[in-house]
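S.K.: Got a sequence here, can you build the structure:
(chains A and B)
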Amino acid sequence: KNQVEQSPQSLIILEGKNCTLQCNYTVSPFSNLRWYKQDTGRGPVSLTIMTFSENTKSNGRYTATLDADTKQSSLHITASQLSDSASYICVVRPFNTDKLIFGTGTRLQVFP
Amino acid sequence: GAGVSQSPSNKVTEKGKDVELRCDPISGHTALYWYRQSLGQGLEFLIYFQGNSAPDKSGLPSDRFSAERTGGSVSTLTIQRTQQEDSAVYLCASSPGGGGRTQQPQHFGDGTRLSIL
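M.R.: Numbers count the residues shown, from 1 in each chain, chains lettered A, B, ... in the order given. So this is what the prediction gives:
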């Protein structure tokens, strides 16, 4: 069983709509949780980083939330654009280690 | 450039050959990571370099895999006697510092897509 699980695996939405991606993790204790965006054929790019004590972090139209009690995080995308089409990866950094644990990602497709 | 640079971007080779993948991290970044990304899988940690410390090699899948980092900058990942299951995208990332509690993001290159025939 993966320590970081994401849902849905894939998602199709229309341009302008909002969406929410989910991340459930079992890593404990952890130092921080990150969301990355990976365009096809490119490396992942950091969107947000939240420590275990933070509940929310925004980056433009991207808002990440964290509930350390339920070990869940979500990434909310507002007013989606065609350029939001990508894979979104949830990443957890366990406490006292430099090795990140990556989810398998949610592939988002935004259609006009 | 200002980002992490990897070369080659694509590599096709025959089974049994050796390959070398190169990573140029962002200048001044002391931490460097190698990951492997197979189709439909999450990124798999391979190896981590932090400054002059001994590298963390715990993610290397077999003794056919090795990596070096010369002068605290450029890194080379070598795969000997390649197998078809080695086909994947190999990603390199760097960050300003290591330590389990750092909040610094890792900056990724665009990877090398390795195909073993």
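S.K.: wait, what's in contact with whichever residue of chain A sits closest to chain B?
M.R.: Nearest to chain B in chain A, going by C-beta to the nearest C-beta, is residue A:43, at a distance of 3.1 Å. Backbone N, C-alpha and C define where each C-beta goes, glycine included. Shown in contact with residue A:43 (C-beta atoms under 8 Å, 6 or more residues apart in numbering or on different chains): B:4, B:91, B:93, B:108-111.
S.K.: for residue A:56, same thing?
M.R.: Per C-beta under 8 Å, 6+ apart, neighbours of residue A:56: A:50, A:63-66.
S.K.: Which residue in those residues has the weakest pLDDT?
M.R.: Minimum pLDDT across the contacts of residue A:56 is recorded for residue A:50, with 93.
S.K.: Rebuild the contacts of residue A:43 as a markdown table, extending it with secondary structure.
M.R.: Compiled in a markdown table, the contacts of residue A:43 are given as follows (DSSP: H, G, I helix; E, B strand; the rest coil):
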| residue | secondary structure |
| --- | --- |
| B:4 | coil |
| B:91 | strand |
| B:93 | strand |
| B:108 | strand |
| B:109 | coil |
| B:110 | coil |
| B:111 | coil |
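S.K.: Quick check: residues of chain B near chain A?
M.R.: Contacts of chain B with chain A, taken as C-beta under 8 Å from any C-beta of the partner chain, map to B:4, B:31, B:33, B:35, B:40-45, B:48, B:50, B:56, B:58-59, B:91, B:93, B:98-101, B:103, B:105-111.
S.K.: what about the spatially most central residue of chain B, distance to chain A?
M.R.: Taking C-alpha atoms, centre = their mean, the centroid of chain B lies closest to residue B:34, which sits 2.8 Å from it. For residue B:34, the distance to chain A (C-beta to the nearest C-beta, to the nearest Å) stands at 12 Å.
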